[in-house]
Each structure stands twice: as C-alpha cells, then as structure tokens.
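Trainee: Provide a 3D model corresponding to the input given below.
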Amino acid sequence: MPFPVAYLLIAGGVCACAPLFKRVSNPLGRLLSVIGFFVGIAVIIVAADTALGLDFFSSRFTSPSIAALESVSPYLVYYLPLMIVLGLLLFSRPLRNIRWASLISLAVGLLIAYYLGIIFSGLSSTILAVVFLIATLAIYTLLRFVEDIFGFVGTVLAFPPIAIVVGLVAVYFGIIIAVSFP
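Mentor: As a prediction, the model looks like this:
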C-alpha cells in the first residue's frame, strides 16, 4: 500500500516544530530533531522525485495531481515548494554546525596524491606533497563556499519562528490533503 505524501508532510511539520517541544522537554526536542533529519531526507527525495517526474517512488508514495489539489484549495498547489523548504529545514538543522568541508577536502586531497603516486610511480614525495596541498586547498575553497551557503540557509530556516511557521503550514497542508484525498 502506498504511503501518502500527506503523512510525510504531517510528520515533517511536527518535527519542524521541535522548538515548541524543546520548551516542554529538551530530550523530546532533540528526539524530534533526530527523527526530523531522516524525515527531511525522505521529504527532499520525494519532492525531487515528484518535481522532476522521475516516478522512482510512485509505487511507494502517492501524491495527488495539481488539478485535484486546485479543486480543493488554490494554495495547495504550493505543497511541493513547501516540501523542499521543509526538507532543507529538517536536513540542515543537525548538520549546520558540522565542518564537513575540511574533512572531505582532506580525504580527496589524500586520494589524489595517493592515486598520482600509484599512476606515476617515479614522482618524488615533495611533488606529491605539493599536489596534496594544492588539491586540498582548491577543494576546501569550493566546499567551504558551499558549506557557508548551506549554513546560512540552515540558520535562517532553523530560526524558531520560521521553523514553527513552516512546520505548522506543513501540518495544515498534510491534514487538508489527507482529508481531501483519503
């Protein structure tokens, strides 16, 4: 039996409202953030699949057509952008403080130096060290830019009033879709 997208919106909306639950119980808020990370991944995957029309998950998730949504409410056609924002909010909340650019650039720099050492066995260790430094710095510069953008978006979306509004709108859309398309 396919899982309706409405339930995914409701679950994501409740997880996005974690700042409300942190006031009641800090462990509950953390639990919702952890669950929200995985729900956010699912929301992003389903939203991308639906938006691009790939139908990889059409047997697993059911989403109503845009024409059917418009007949219920003209605002429900915006459920797909809402899913993308909700997925980014949930996915970026626990990851925005992790410095992954340095770890990835270090690993890729080491791999590049290692494989160049294998392919060109006559290279000296000084040349391999210079290649490692250049590759690591170039990749770090690019990834640090992406990390900064991701951190900014994550910080803006994780701001409690914004997260709560997005969460409540997602719950509202999920309930309307679930009631209208059982």
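Trainee: Give me the buried positions along the longest helix along the chain.
Mentor: When the chain is parsed with DSSP state H, its longest helix is helix 125-158. If you call a residue buried by 16 or more other Cβ atoms under 10 Å, then helix 125-158 has these buried ones: 128, 131-132, 135-136, 139-140, 143, 147, 150-151, 154, 157-158. In this view, the C-beta of every residue, glycine as well, is placed from N, C-alpha and C.
Trainee: Residue 93: which of those residues is nearest?
Mentor: Residue 93 lies nearest to residue 158 out of the buried residues of helix 125-158, by Cβ to Cβ, at 5.1 Å.
Trainee: that older thread, what mean pLDDT would you report for the longest helix of the chain?
Mentor: Here helix 125-158 scores 92 as its mean pLDDT.
Trainee: Show the end-to-end separation of stretch 87-105, please.
Mentor: Start-to-end span of stretch 87-105 (Cα to Cα, to the nearest Å) is 26 Å.
Trainee: Need the residues that contact it.
Mentor: 12, 15-16, 18, 33-34, 36-37, 39-44, 47, 136-137, 139-140, 143-144, 146-147, 150-151, 153-155, 157-158, 163, 166 (Cβ atoms under 8 Å, 6 or more residues apart in numbering).
Trainee: same question, stretch 49-65
Mentor: Contacts to stretch 49-65, defined as Cβ under 8 Å, 6+ apart, come from residues 2-5, 8, 45-46, 48, 80, 83-84, 177, 180-181.
Trainee: For it, give the mean pLDDT please.
Mentor: In this model, stretch 49-65 carries a mean pLDDT of 78.
Trainee: Okay, buried residues for it please.
Mentor: 49-50, 57, 61, 63-64.
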